[in-house]
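Undergrad: the following block contains a protein sequence and its predicted model.
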Amino acid sequence: MKFVSPLNTAKIITLKWMSREHPLPWSRTRANAVLLSDKQMSLQSIASHCGVCRQTTSIWLNNWEKDGICGLLDKPGRGRRKILSPDKETEVIDLIKASPRSLNKVQAGIQNR
């Protein structure tokens, strides 16, 4: 069985806040996983509760032990890279604001540029 090191009151309060209030859903889930581990819940049970595999849960707990709260946050560079440059993105947003109900006009405007 694998569990996190016992949590003090300050860490419990911080993790409870994070599990309820953090703007990113995966950070909330990871904080909740640490709290469940502190209550001696097994990796498989935490994984089932969070909808992930046991190995993912183990990685979360390792990251918590190694880096604390920072280990529960998403690392920069995750996800798909943007296709448009910031200037082009601003242009597209302006086109959409000008014709919010006609995406054909927006698409034509993008292709003409």
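TA: Looks like it arrived, so ask away. This structure is a prediction, so every number in the text was calculated from the model and none was measured. Numbering: from 1, shown residues only.

Undergrad: would you mark the buried spots in the host helix or strand of Q44?
TA: Using DSSP states H and E, Q44 falls within helix 43-50. Across helix 43-50, burial judged by 16 or more other C-beta atoms under 10 Å covers L43, I46, A47, C50. In this view, the C-beta of every residue, glycine as well, is placed from N, C-alpha and C.

Undergrad: just to check, the third one is in contact with I59?
TA: In this case it means A47. No. Using C-beta atoms under 8 Å, A47 is not in contact with I59, being 10.9 Å away.

Undergrad: could I get the full set of strands for the chain?
TA: Read by DSSP state E, the chain holds no strands at all.

Undergrad: residues in contact with stretch 28-47: which ones?
TA: 1-4, 6-7, 12, 15-16, 18-22, 49-50, 53-54, 56-58, 60-61, 63-64, 72 (C-beta atoms under 8 Å, 6 or more residues apart in numbering).

Undergrad: now, which of those lie within helices?
TA: 12, 15-16, 18-21, 49-50, 54, 56-58, 60-61, 63-64 (DSSP state H).

Undergrad: neighbours of V92, how many?
TA: 16 (other C-beta atoms under 10 Å).

Undergrad: same check, this time on G71
TA: 17.

Undergrad: flag the helix or strand of the protein with the lowest per-element mean pLDDT.
TA: helix 103-112 (a mean of 80; mean pLDDT, DSSP states H and E).

Undergrad: what's it packed up against?
TA: helix 86-98 (3 or more C-beta pairs under 8 Å, 6 or more residues apart in numbering; DSSP states H and E).

Undergrad: now the helix it packs on: buried residues?
TA: For helix 86-98, the neighbour count (16+ other C-beta under 10 Å) marks V92, L95 as buried.
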